[in-house]
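# Prediction below, plus the sequence it came from.
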There are 2 protein chains.
Amino acid sequence: MLKRTYEDQHCPIAASLERVGERWSLLIIRDVFFGLHRFDELQNDLGIARNVLRDRLTLLVDEGILVKRRYQERPERFEYKLTEKGTDLWPVLHALMSWGDKHAPLPDGPPTVVAHRGCGGVLDERRICDRCGELVLDVHDVQAQPGPGASRHHPLLVAAATR
Amino acid sequence: MLKRTYEDQHCPIAASLERVGERWSLLIIRDVFFGLHRFDELQNDLGIARNVLRDRLTLLVDEGILVKRRYQERPERFEYKLTEKGTDLWPVLHALMSWGDKHAPLPDGPPTVVAHRGCGGVLDERRICDRCGELVLDVHDVQAQPGPGASRHHPLLVAAATR
């Protein structure tokens, strides 16, 4: 566990990585941001072993990043939503996405763009809207959308199709 | 290796994590930002096994995030500097630091603050300077400084003492 690995580090970056730096954790959080909330939806998208997904979800719930809610009784089924602590991670995901788009670009362009909700512009890597020029910092003012490089398996499209 | 783990993910976040998401990689990059450039300095600060550090440094050099330069011939000694691709990671580190400062605060306050170079203000989690109100986006305009919660082992202080 990272928790033990970084124990001697007196550092908020290490503290954050202890909570979200486990393999797959940030991609789970990404998927929940994109609208995949149910265990099977997440498992389908990530293609990881069920026990690994279960472990990561438990850790993220224990950390107060996700909340778990039962949506079906027989058989029991659960869904996961981001808490405010979870949505506060959007600058981390946006920074990783921007760096990846710049330094490891995909052949068809970015699979995801972050739109300025209500304005229609797109945020650049500084989180400035390319239409109105505003600096957009509140997660409620942004909306992830499929970009030019989105495949038909993009979690945003999968989530939209199941609603 | 993450590279293989995330292979099926068509996603810039996954692509970034493939490059910097290995355990310790982001803390190595943090230390180089803070002025620790030499293998032994990094090893002292991180307290990790030498072979692990060597593996991570090799990966980061191969990815073009760090450059390796020999600074001594007998015995051979190397130091590591960030490339532009490497310094482009500062929003990732800043976002992780801000989230950690907010959601996993250390008892004595933030060990590191990010100052607006030449102005003396401090950047908030939006990267806005608390003195002049400017949005600070260029890595050359910022300078990490020990904060109220810095211990005497803070890499910035260690780096300053060896210069």
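Received it, and whenever you're ready, just let me know what you need.

# so residue A:132 sits in a strand?
No - with DSSP: H, G, I helix; E, B strand; the rest coil as the criterion, residue A:132 is assigned coil and is not in a strand.

# Now do the same contact list for it.
For residue A:132, the contact set (CB atoms under 8 Å, 6 or more residues apart in numbering or on different chains) comprises A:116, A:119, A:121. Heads up, the C-betas are built off the backbone N, CA and C, glycines and all.

# List the contacts of residue A:9.
A:15, B:27, B:46.

# Sitting in strands, which of the residues you listed do you find?
Applying DSSP state E to these, no entry is found in strands.

# okay, these in a markdown table with distance to residue B:148, neighbour count and pLDDT next?
Below are those laid out as a markdown table (distance: CB to CB, whole Å; neighbours: other CB atoms under 10 Å in any protein chain shown; pLDDT from 0 to 100):
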| residue | distance to residue B:148 | neighbour count | pLDDT |
| --- | --- | --- | --- |
| A:15 | 16 | 22 | 95 |
| B:27 | 21 | 24 | 97 |
| B:46 | 23 | 22 | 95 |
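
# ok, back up a step: nearest to chain B, of the contacts of residue A:132?
residue A:116 (15.5 Å; CB to the nearest CB).

# nearest residue to residue A:142 other than its sequence neighbours?
Closest residue in space to residue A:142, ignoring its immediate chain neighbours: residue A:114 at 5.2 Å, by CB to CB, 6 or more residues apart in numbering or on different chains.

# Next, count neighbours for that neighbour.
Close neighbours of residue A:114, defined as other CB atoms under 10 Å in any protein chain shown, add up to 24.

# Doesn't it belong to a helix?
No - Residue A:114 sits outside any helix when classified using three-state DSSP, being strand.

# contacting residues around it?
Here residue A:114 is in contact with A:94, A:97, A:122-123, A:142-145 (criterion: CB under 8 Å, 6+ apart).

# Tell me the most packed of those, by neighbour count.
residue A:97 (26 neighbours).

# Just say helix, strand or coil for that residue.
Taking three-state DSSP, the label given to residue A:97 is helix.

# again with residue A:126
Per three-state DSSP, residue A:126 ends up coil.

# thought it was touching residue B:138?
No - with contact defined as CB atoms under 8 Å, residue A:126 does not count as touching residue B:138 (9.9 Å).

# Between the two, which is the more surrounded one?
A direct count of neighbours by other CB under 10 Å for residue A:126 and residue B:138 places residue A:126 higher, at 13 against 10.

# how about the more buried one, phi and psi?
With angles defined as degrees, to the nearest 10, residue A:126 sits at phi -90, psi 0.

# cool, and residue A:82?
phi -80, psi 140.

# From residue A:65, how far off is it?
7 Å (CB to CB, to the nearest Å).

# what touches both of these two?
Common neighbours of residue A:82 and residue A:65 (CB under 8 Å, 6+ apart) are residue A:29.

# Please consider this matter closed, and thank you.
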